[in-house]
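A.B. asks: Using only what follows, build the 3D model:
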Amino acid sequence: MTSNIVEAYWQETALTAIMSIDNAVIYTFTKNAMRKLSVWHLPAAQHEGHHPPNDLIEGGMTKHMFKVYLVTSSLCEAEDIGGITLDCLKSAAAIHDIGKYGLTGTDVKIDPYHALLVRKIADQGSLSDQIYEFIIGLVESHMGRWGKYPTDTCEKRILHYADMISARYVL
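C.D. replies: Residues are numbered from 1 along each chain as shown. Predicted structure coming up:
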């Protein structure tokens, strides 16, 4: 059983990633969503094949999220995407797997439909409906052809590719 201190360490470590989100409302939304469940100390996957070995250990969720966040940021820079769209993509990268361990963060088995749980986990707060739906739409489609929603925009493809690169390769 993981101690509360270890869980708090991984959660605070995960929260450092989002400090580059410039929009205060998007930053607060992301921070609140990330604090809602204590999953950051858990592995990103339960077996090799979907993630490299360094994501399968304690803190793997945090390590994977950091990598997705960094790859997303790099792809946005390459595509000259900035401003509010960049902040939305950073937010989606930070919370894209938040539902992996269910609505409580305590499920033993990883939920294959975890991308759809973000709508139930992340409270809209002061985000406009348009920004909220944009971020949630990015997260819901991050699994690409293995998920329920298509990656039919450049932004959705960026998050999907960032997740795939981060999950399949040791960075």
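A.B. asks: what's the host helix or strand of Glu133 packed up against?
C.D. replies: The secondary structure element spanning Glu133 is helix 129-140 (assigned by DSSP states H and E). Helices and strands touching helix 129-140, by 3 or more Cβ pairs under 8 Å, 6 or more residues apart in numbering; DSSP states H and E, are helix 24-36, helix 83-95, helix 114-121, helix 154-168. The way it works is simple: take the backbone N, C-alpha and C, and place the C-beta from them, glycine included.
A.B. asks: next one: it to chain centre, how far?
C.D. replies: 13 Å (Cα atoms, centre = their mean, to the nearest Å).
A.B. asks: and that helix, C-alpha only, in CSV?
C.D. replies: Taking Å, rounded to 0.1, in the frame of the first residue of the first chain, the C-alpha atoms of helix 129-140 are listed here in CSV:
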residue,chain,number,x,y,z
ASP,A,129,-18.5,25.9,-22.7
GLN,A,130,-16.4,26.2,-25.9
ILE,A,131,-13.0,25.8,-24.2
TYR,A,132,-14.3,23.0,-21.9
GLU,A,133,-15.7,21.1,-24.9
PHE,A,134,-12.5,21.6,-26.9
ILE,A,135,-10.3,20.2,-24.1
ILE,A,136,-12.6,17.3,-23.3
GLY,A,137,-12.9,16.6,-27.0
LEU,A,138,-9.1,16.4,-27.3
VAL,A,139,-9.0,13.9,-24.4
GLU,A,140,-11.9,11.8,-25.6
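A.B. asks: what's the angle between it and helix 154-168?
C.D. replies: Taking axes from the mean of the first three to the mean of the last three Cα atoms, to 10 degrees, helix 129-140 and helix 154-168 form an angle of 30 degrees between their directions.
A.B. asks: Thought His160 was touching Val68, still the case?
C.D. replies: No. With contacts counted by Cβ atoms under 8 Å, Val68 stays clear of His160, the gap being 10.1 Å.
A.B. asks: what about those two, which has more around it?
C.D. replies: When neighbours are counted by other Cβ atoms under 10 Å, Val68 and His160 differ, and Val68 comes out ahead with 28 against 21.
A.B. asks: what's the weakest-modelled helix or strand in this protein?
C.D. replies: Within the chain, confidence by mean pLDDT, DSSP states H and E is lowest for helix 4-16 among all helices and strands, at a mean of 82.
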